[in-house]
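S.K.: with the sequence up front, the predicted model follows.
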Amino acid sequence: MEYSPPPLFKQGASARAKMVFFALIALILLTVDSHVRALSVVRQVVSTALYPLQVVALAPRDGFRYVAGYFTSVSDLQHENAQLRLQQTTDARALQQGQQLLAENEQLRNLLGMSQQLPVKSVLGEILYDARDPFTRKILLDRGSQNGDVEPGEPVIDHVGVVGQVTRVFPFTSEVTLLTDKEQVIPVQVVRNGLRSVAYGRGQSNLLELRFMPTSADIQEGDVLVTSGIDGVYPPGLAVATVTHVENKSDSFARIICVPAAGIDRHRHLLILQTEQKFVPRPPSESRPATRKQGLLQHATNRGGEPVIKQPEAEQPAPASGKVQR
């Protein structure tokens with residue numbers, strides 16, 4: 001049984017005929033446009049009229065792309081920022097190491113120049129660590145009796161001045177007491193006028209003090225102190241400190257504070273001066289007088305040139321009183 005629309009709805013040609021008709025029109029328009037190019041104006045007008053519709057139709061796609069691009073850009077920027085921060089940290093560490101190496105190289109060059117100017121032999125030592133005792137100012141060097149021929153009492157300097165003195169020596173290390181230790185003293189001399197004194201360490205303050213100086217002593221702020229060399233330990237002329245404060249009291253000694261010239265707590269490499277410590281020997285003790293029983297043989301020469309042994313005189317009995325008997 002065939003179903004067909006009622007006669008009221010039968011209008012126009014069939015769908016196949018319409019498709020063939022519009023296909024022919026499209027082919028004709030394509031042919032005319034490709035050869036004559038007469039429809040360009042029509043195409044522009046139609047494209048202008050349809051542009052708002054295209055924008056509205058493409059708005060969801062463009063919005064999605066914008067949101068996705070925003071989050072992608074934020075993620076890329078965060079990743080790039082993290083990489084730049086890491087690179088900055090690496091560059092800063094490398095720059096710091098480079099500056100440290102430059103400073104160390106400069107110090108080693110200065111120490112080399114200092115060792116060539118010194119009249120005594122010196123050994124280069126590196127600081128291993130500070131002493132654990134917070135109340136003393138001591139360091140440990142990597143040179144000892146076996147690998148540096150270090151001996152107790154030898155002075156330690158940097159390229160500027162005196163740092164301290166070797167106090168204990170081990171086979172491969174040595175202990176150095178710094179100049180600012182409370183138990184450390186060093187004879188000094190004022191460069192300006194040659195006045196001699198003794199500098200004492202002040203402990204944790206990293207300062208020196210000239211004690212027992214009269215208020216009339218010719219010492220001024222800014223005076224440079226060097227080793228006097230009278231102790232037989234430190235060579236003369238090594239820089240020690242600079243006077244920074246002078247306080248004169250009428251009823252006591254002057255209070256004189258100095259700042260060490262050397263880098264007490266700044267440098268890593270130091271020079272150990274292997275000086276020959278020359279101490280003045282003590283005078284020999286007077287020999288006890290010989291007893292009267294031993295006697296003394298005195299040599300004399302007679303007229304003939306023959307030696308004559310002179311016998312000691314006979315003992316005289318001691319008087320009973322304070323008067324001498326005749």
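M.R.: It's in.

S.K.: use CA for all of it now, contacts and neighbours both
M.R.: Will do.

S.K.: just checking, Leu273 touches Val123?
M.R.: Yes - between Leu273 and Val123 there is a contact at 6.6 Å, judged by CA atoms under 8 Å.

S.K.: more neighbours: those two, which one.
M.R.: Each of Leu273 and Val123 has its neighbours counted (other CA atoms under 10 Å); Leu273 has more, 26 against 15.

S.K.: excluding its backbone neighbours, what's nearest the more buried one?
M.R.: Nearest non-adjacent residue to Leu273, counting by CA to CA, 6 or more residues apart in numbering: Ser122, 4.4 Å away.

S.K.: can you check the pLDDT for that neighbour?
M.R.: We have a pLDDT of 90 for Ser122.

S.K.: dump the C-alpha coordinates for the helix or strand harbouring it into PDB.
M.R.: Element membership for Ser122 (DSSP states H and E) is strand 121-130. Taking C-alpha atoms only, strand 121-130 is exported to PDB below (Å, rounded to 0.1, in the frame of the first residue of the first chain):
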ATOM      1  CA  LYS A 121     113.000  31.000  55.200                       C
ATOM      2  CA  SER A 122     109.300  30.600  55.400                       C
ATOM      3  CA  VAL A 123     106.700  27.800  55.000                       C
ATOM      4  CA  LEU A 124     103.200  28.300  53.600                       C
ATOM      5  CA  GLY A 125     100.400  26.900  55.800                       C
ATOM      6  CA  GLU A 126      96.700  26.600  55.400                       C
ATOM      7  CA  ILE A 127      94.200  27.100  58.200                       C
ATOM      8  CA  LEU A 128      92.300  23.900  59.000                       C
ATOM      9  CA  TYR A 129      90.000  25.200  61.700                       C
ATOM     10  CA  ASP A 130      89.800  27.400  64.800                       C
END
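
S.K.: against which helices or strands is it packed?
M.R.: strand 138-141, strand 269-274 (3 or more CA pairs under 8 Å, 6 or more residues apart in numbering; DSSP states H and E).

S.K.: looking at those strands, which is closest to His79?
M.R.: strand 269-274 (43.3 Å; CA to CA).

S.K.: could I get the contacting residues of Val198?
M.R.: Val185, Ile186, Pro187, Val188, Leu210, Arg211 (CA atoms under 8 Å, 6 or more residues apart in numbering).

S.K.: out of those, which end up buried?
M.R.: Val185, Ile186, Pro187, Val188, Leu210 (16 or more other CA atoms under 10 Å).

S.K.: what number of residues lie near Ser73?
M.R.: Other residues lying near Ser73 total 12 when counted by other CA under 10 Å.

S.K.: secondary structure class for it?
M.R.: helix (DSSP: H, G, I helix; E, B strand; the rest coil).

S.K.: give me the pLDDT for it.
M.R.: 85.

S.K.: could you do the one 4 residues further on as well?
M.R.: For Leu77, the pLDDT comes out at 88.

S.K.: next one: phi and psi at Val31?
M.R.: You called it Val, but residue 31 is Thr. Thr31 has phi and psi values of phi -70, psi -40 when expressed as degrees, to the nearest 10.

S.K.: try Pro171
M.R.: According to degrees, to the nearest 10, Pro171 has phi -60, psi -40.

S.K.: that one and Ile127: what is the separation?
M.R.: Pro171 sits 16 Å away from Ile127, going by CA to CA, to the nearest Å.

S.K.: the two: which is more packed in?
M.R.: Neighbours were counted for Pro171 and for Ile127 using other CA under 10 Å; Ile127 has more, 18 against 14.
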